[in-house]
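Peer 1: Need coordinates for the following:
(one chain, ligands or ions: 1)
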Amino acid sequence: MANQIGGGRFIMFLFDHVAVIGLGLIIGSFLTVCIYRIPYGRPEGLDDMDEPESEDEQEQTPPDITFCSPQRSICPACKKQLRWYHNVPLFSWIFLGGKCAFCKASISAQYPLVELLSAVCAYLSYHMYGITPTGVVVYVFCCALIVITFIDIKYYIIPDVISLPGSVIAIGLGICNEYFGFFEFPISRGAIDTLYGVLAGGGFLFLVAEFYIHVRNKTGLGFGDVKLLTLTGALLGWTGALYTIFIGSLLGTVFGVVQLLLRGSKLSAPIPFGPYLALASILYMFTGLGPLIDVNLLILQLLGVAP
Ligand SMILES: [Zn+2]
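Peer 2: Model prediction:
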């Protein structure tokens, strides 16, 4: 009897997790579409500050692709419409050996990678926050960060179409939390937390970016990063904003130096900062609770902003 109940619970547990991971993979598949089409679709407001789009990228741009058409996925190489079984997240890529079923052109590993990342984030959101308003918002923010990361790596832009509406929604959620208390850590505690978050994230980086332009007469920091940090600060509050700036800069510096040593790339070559900010925000959301809370507290203490 006890065994049966245990078995039933285990099946429920398994079902929950399989469902969450499956949903994460499916949403990940949608994210790959966003990553592929948002820069092509050019919805208005793509950051034009830092857009040194390389010529070969432009040549690859199929002229008939916008965000909404074609409706179904096509192979970028042979333009054939994919069958549904070529489109199963993660598994199709593995079974097809990373090649198009028709023309055998290799399909970027970015597709399964994004799907996998989305599934991992879905699992972590569910595992840590459950199916709660907090868990849903954390996962949606992860999805936005994944899309931003891959677009920033390829095009050196952070699309306004994500960061601006995202900031408005995040400010709304912060104000909502003030009165209704729907959300818990890591979401902003309320309107004041959100306000300080916007100032700490967007405001601070805006000054840095302006400083760079006036003193060094060039853009060192894209305003796309400023807008992303405005979103981060509005959503995660001021502790989240400071954590993201601090850890993001640290990660960016470490990886930048490693890249410099490995490839000997020039110091002035543009380095996308968005992915490091995104990674830092994700670390904040998933390590902020439990045993690692002390690490976050320590960093905030080092910054002199926590008692
Ligand atoms: Zn093909």
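
Peer 1: right, and the helix or strand after the lowest-mean-pLDDT helix or strand in the chain?
Peer 2: Every helix and strand of the chain was ranked by mean pLDDT, DSSP states H and E. The lowest is helix 55-60, at a mean of 41. Using DSSP states H and E, the helix or strand that follows helix 55-60 towards the C-terminus is helix 91-95.

Peer 1: OK, contacts around the residue nearest to residue 153 when sequence neighbours are not counted?
Peer 2: The spatial neighbour of residue 153 that comes closest, neighbours along the chain excluded (C-beta to C-beta, 6 or more residues apart in numbering), is residue 272 at 5.5 Å. Just so you know, the C-beta spots here come from the backbone N, C-alpha and C atoms, and that holds for glycine as well. Counting by C-beta atoms under 8 Å, 6 or more residues apart in numbering, residue 272 makes contact with 152-153, 156.

Peer 1: burial count for the nearest residue to residue 230 once chain neighbours are set aside?
Peer 2: Excluding its sequence neighbours, the residue lying closest to residue 230 (C-beta to C-beta, 6+ apart) is residue 202, at 3.1 Å. The local packing of residue 202 (other C-beta atoms under 10 Å) involves 24 other residues.

Peer 1: ok, back up a step: how would you label the residue nearest to residue 153: helix, strand or coil?
Peer 2: With DSSP: H, G, I helix; E, B strand; the rest coil as the basis, residue 272 sits in coil.

Peer 1: Do you know the pLDDT at it?
Peer 2: For residue 272, the model assigns a pLDDT of 83.

Peer 1: and the residue in the stretch 151-300 of the chain positioned nearest to the ion, how far is that from residue 229?
Peer 2: The nearest approach of the stretch 151-300 of the chain to the ion comes at residue 154, 20.4 Å away (C-beta to the ion). Per C-beta to C-beta, to the nearest Å, residue 154 is found 21 Å from residue 229.

Peer 1: for residue 304, same thing?
Peer 2: Remark: distance between residue 304 and residue 229 (C-beta to C-beta) = 20 Å.

Peer 1: before we move on, back to that, out of the contacts of residue 272, flag the one nearest to residue 108.
Peer 2: Of all the contacts of residue 272, residue 153 has the smallest distance to residue 108: 12.1 Å, by C-beta to C-beta.

Peer 1: Let me know the distance separating that closest one from residue 138.
Peer 2: Distance of residue 153 to residue 138, given as C-beta to C-beta: 23 Å.

Peer 1: out of those two, which sits in the more crowded spot?
Peer 2: Remark: of residue 153 and residue 138, residue 138 carries more neighbours, 26 against 13, as counted by other C-beta under 10 Å.

Peer 1: follow-up on the earlier one: can you tell me which residues contact the residue nearest to residue 230?
Peer 2: With C-beta under 8 Å, 6+ apart, residue 202 has these contacts: 167, 226-227, 229-230, 233.

Peer 1: cutoff 6 Å now
Peer 2: By C-beta atoms under 6 Å, 6 or more residues apart in numbering, the contact set of residue 202 is 226, 229-230.

Peer 1: Kindly report the same for residue 285.
Peer 2: Per C-beta under 6 Å, 6+ apart, neighbours of residue 285: 138, 186.

Peer 1: give me the low-pLDDT residue ranges for the stretch 151-300 of the chain?
Peer 2: Within the stretch 151-300 of the chain, the segments meeting pLDDT under 70 span 216-221, 264-270, 288-300.

Peer 1: Count the neighbours of residue 144 for me.
Peer 2: For residue 144, the count of nearby residues is 22 (other C-beta under 10 Å).

Peer 1: And residue 81, by the same measure?
Peer 2: Neighbours of residue 81 using other C-beta under 10 Å come to 12.

Peer 1: Please tell me how far the residue in the stretch 101-250 of the chain that the ion sits nearest to sits from residue 73.
Peer 2: Residue nearest to the ion within the stretch 101-250 of the chain: residue 103 (3.4 Å; C-beta to the ion). Shown here: residue 103 relative to residue 73, a distance of 14 Å by C-beta to C-beta.

Peer 1: Of those two, which one has the most company?
Peer 2: Between residue 103 and residue 73, counted using other C-beta under 10 Å, the more crowded position is residue 73 (17 against 11).

Peer 1: Which phi and psi values does the residue lying closest to that one once chain neighbours are set aside adopt?
Peer 2: Closest residue to residue 73 apart from its sequence neighbours, by C-beta to C-beta, 6+ apart: residue 82 at 4.8 Å. Main-chain torsions, residue 82, degrees, to the nearest 10: phi -80, psi 150.
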